[in-house]
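Chemist: with the sequence up front, the predicted model follows.
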Amino acid sequence: MSIVFKKTSMLTDAPLSYCPGCTHGIITRLVAEVIDEMGLAGETIGIAPVGCSVLAYNFFSCDMIQAPHGRAPAVATGVKRAHPDKTVFTYQGDGDLAAIGTAETIHSGARGENICIFFVNNAIYGMTGGQVAPTSLPGQVTQTTPYGRDVKYSGNPIRVCEMMATVTGTAYVERVAVDCVKNVRHAKEAIRKAFTMQQEKKGLSLVEFLSTCPTNWGLTPVKALEWLRENLMAYYPLGVYKDVTAEEEAK
Amino acid sequence: MSEKVLMKGNEAVAESAIRAGCRHFFGYPITPQTEVAAYFAKRMPKIGGTYLQAESEIAAINMVLGAGGSGARAMTSSSSPGISLKTEGISYICGSDVPCVIMNIERGGPGLGGIQPSQSDYFQATKAPGHGDLHVIVLAPSGVQEMADITYNAFDLAEKYRMPCLILGDGILGQMMEPVELPEPKEISAEDKPWAACGHENKREHNIINSLYLDPAELEQKVRARYERYAEIEKNEVRFEEYKTDDADIIITAFGATSRVAKSAINTAREMGIKAGLVRPITLWPFPKEILAKLADRVKAFLSVEMNMGQMVDDVKLAVNGKKPVYFFGRTGGIVPTAEEIVAELEKINGGAAK
């Protein structure tokens, strides 16, 4: 009997702690598969965030460091400066990256740190039970915006890719989704491109994944995907926001 | 050993760190430790090292977590308000058992305080340099030579016990110039850190640098194991200097720059017939409890002299344990106690409790 499919060795046997129906699991696995396929497992150091993916250090089988909330790009900077030839990535959520860690995100981009940031945007603080996030949509009902997000009161959502594309030093910025097979396959290529950029020492790559949170959105996994397509994708359009290699080719 | 050179305390620390094999410095500008960063900024690019000015104190300490966690000798330095910002990172570094060196060139507080010398971060350094059950090794030099020597050894200490070493200085020590004999440069390899997260090269299980333990029993076990290490440090690493304690009736306790003033006060007092001596803790944690407990059986009183409102005096009282009176004299806000003020305190004590 021949093996036609097996789990990537870049994932350990630790059970993923994500809620049923959450698309974090797909993203985690895609990152792991690409590292494995590119033969980078032995030379990669991953940085785990605080949030739903805090236990990423148990999931990925490469060396891992768990960072304080929002500080993953700073920790990654320390690793990369000490080991410029190793592969370094962070895996962060929206609260981590776009609220408490905004400065670390922007400045790692401005320095052109040669790292990959994988940013999972589900428009909510999942781990702590569904509070309003920097990326929650106007009107979105959360535990701490029970009457809907009033942007005049609790601020406007931050579009991370659009912002990071303006930062000189970032090399590749793309927003993808994992809501259907086509998009999952494309997301994987975006991850591969990010690691390739790092290998070619182009600077910082950031891939944003629109992701679901059925538990805290209060929707079934299927309805959550529909809500993502109808609402998140409308506010956060998919696409490449920056690609310095394409710009070089165009010249 | 090399010949003596005239250097500022802050510069001696930076050069000594480089000679100890430190190649990664992450900082953020703050007075009065600026010379440390400036020195590294000049030297590191010439020797293949990293000087990086971070976007914040918080980012700088987390860069230290990354570099240290991946096996490199890494350092950051700051001054009081900046250290407050670093406490989150210090706690994670302690909880992740990562070695590193941190320097605090203290200035007056609280808040933005002032920029003149102070020792008012003693509590922060020795009791709560971050949240949680933890300690860092706290080293208190009192001159430029000692700043160089302490820095040189701090990296070894940090790696031996896999925890941060905090060098607690003040604006006087950082800014003053003295002749210093610099230590010999050493080469450091990351190879001998089997725990480091630097890529497993498919040769071992993955290393995890982490401070999260959701199972209370596991977390308690981790903390207890760390406290066993702390007990070893308390046994092996206590350092202090005694000055004219042999026949002393009154023991001054003072550290850092304050101890220099205390020595001259002691000499004046002795000319006046007051037999005073000094115990100068070099390690503030672990604190030199035993020598103070021993002296408490013999001397008449203690006087803790500090540039704060009375912080180390609590540890002196714990060590003396009620056997003899413990007095306190301090100036704060950036004001350095004078020898005259200290002599006046000694006279008061000598006329009262020590009679």
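Modeler: Ah, there it is.

Chemist: which residue ranges form the strands in chain A?
Modeler: Assigned by DSSP state E, the strands in chain A fall at A:44-48, A:63-66, A:87-93, A:116-121, A:170-177, A:204-210, A:239-243.

Chemist: show me what the shortest one packs onto, helices and strands only.
Modeler: In terms of contacts (3 or more Cβ pairs under 8 Å, 6 or more residues apart in numbering or on different chains; DSSP states H and E), strand A:63-66 is packed against strand A:44-48, helix A:56-59, helix B:57-69, strand B:208-209. Heads up, the C-betas are built off the backbone N, CA and C, glycines and all.

Chemist: over to the longest one?
Modeler: If you count contacts as 3+ Cβ pairs under 8 Å, 6+ apart, strand A:170-177 packs onto helix A:160-165, helix A:181-199, strand A:204-210, strand A:239-243, helix A:244-250.

Chemist: around chain B, pick out the residues from chain A.
Modeler: Residues of chain A lying close to chain B (Cβ under 8 Å from any Cβ of the partner chain) are A:12, A:41-45, A:47-48, A:54-55, A:57-58, A:60-68, A:71, A:74-83, A:86-87, A:103-104, A:106-107.

Chemist: now do 6 Å
Modeler: Selection of chain A residues close to chain B by Cβ under 6 Å from any Cβ of the partner chain yields A:42-43, A:45, A:57, A:61-66, A:68, A:71, A:74-75, A:77-79, A:81-83, A:86, A:103-104, A:107.

Chemist: which ones among those residues map onto helices?
Modeler: Of the residues of chain A next to chain B, the ones assigned to helices by DSSP state H are A:57, A:74, A:75, A:77, A:78, A:79, A:81, A:82, A:103, A:104, A:107.

Chemist: now for the second one: which residues touch it?
Modeler: By Cβ atoms under 6 Å, 6 or more residues apart in numbering or on different chains, the contact set of residue A:74 is A:104, B:59, B:62, B:63.

Chemist: tell me which of the residues you listed is nearest to residue A:248?
Modeler: residue A:104 (27.5 Å; Cβ to Cβ).

Chemist: can you pull the contacts of that closest one?
Modeler: Listed by Cβ under 6 Å, 6+ apart, the contact partners of residue A:104 are A:70, A:71, A:73, A:74, B:59.

Chemist: again, but for residue B:333
Modeler: Applying Cβ under 6 Å, 6+ apart, the residues contacting residue B:333 are residue B:108.

Chemist: in what helix or strand does it lie?
Modeler: Under the criterion DSSP states H and E, no helix or strand holds residue B:333.

Chemist: quick one: pLDDT of it?
Modeler: Per-residue pLDDT puts residue B:333 at 95.

Chemist: cool, and residue B:188?
Modeler: The model reports residue B:188 with a pLDDT of 82.

Chemist: right, and it touches residue B:21 too?
Modeler: Yes: between residue B:188 and residue B:21 there is a contact under Cβ atoms under 6 Å: 3.1 Å.

Chemist: ok, and the most crowded of the contacts of residue A:104?
Modeler: For the contacts of residue A:104, the largest neighbour count, defined by other Cβ atoms under 10 Å in any protein chain shown, is 35 neighbours, found at residue A:73.

Chemist: how close does that residue sit to residue B:305?
Modeler: 45 Å (Cβ to Cβ, to the nearest Å).

Chemist: ditto for residue A:40
Modeler: 58 Å.

Chemist: assign residue B:5 to helix, strand or coil.
Modeler: The assignment at residue B:5 comes out as strand when based on DSSP: H, G, I helix; E, B strand; the rest coil.

Chemist: now do the phi/psi pair for the closest residue to chain A within the stretch 251-355 of chain B.
Modeler: Among all residues of the stretch 251-355 of chain B, residue B:285 sits closest to chain A, at 22.9 Å; criterion: Cβ to the nearest Cβ. When read as degrees, to the nearest 10, the backbone of residue B:285 gives phi -130, psi 120.

Chemist: and stretch B:297-310, which residues are buried?
Modeler: Under the neighbour-count criterion of 16 or more other Cβ atoms under 10 Å in any protein chain shown, stretch B:297-310 has B:299, B:300, B:301, B:302, B:303, B:304, B:305, B:306, B:307, B:308 buried.

Chemist: give me the pLDDT for residue A:1.
Modeler: The per-residue pLDDT reported for residue A:1 equals 79.

Chemist: scratch that, residue A:246 is what I was asking about
Modeler: Residue A:246 carries a pLDDT value of 89.
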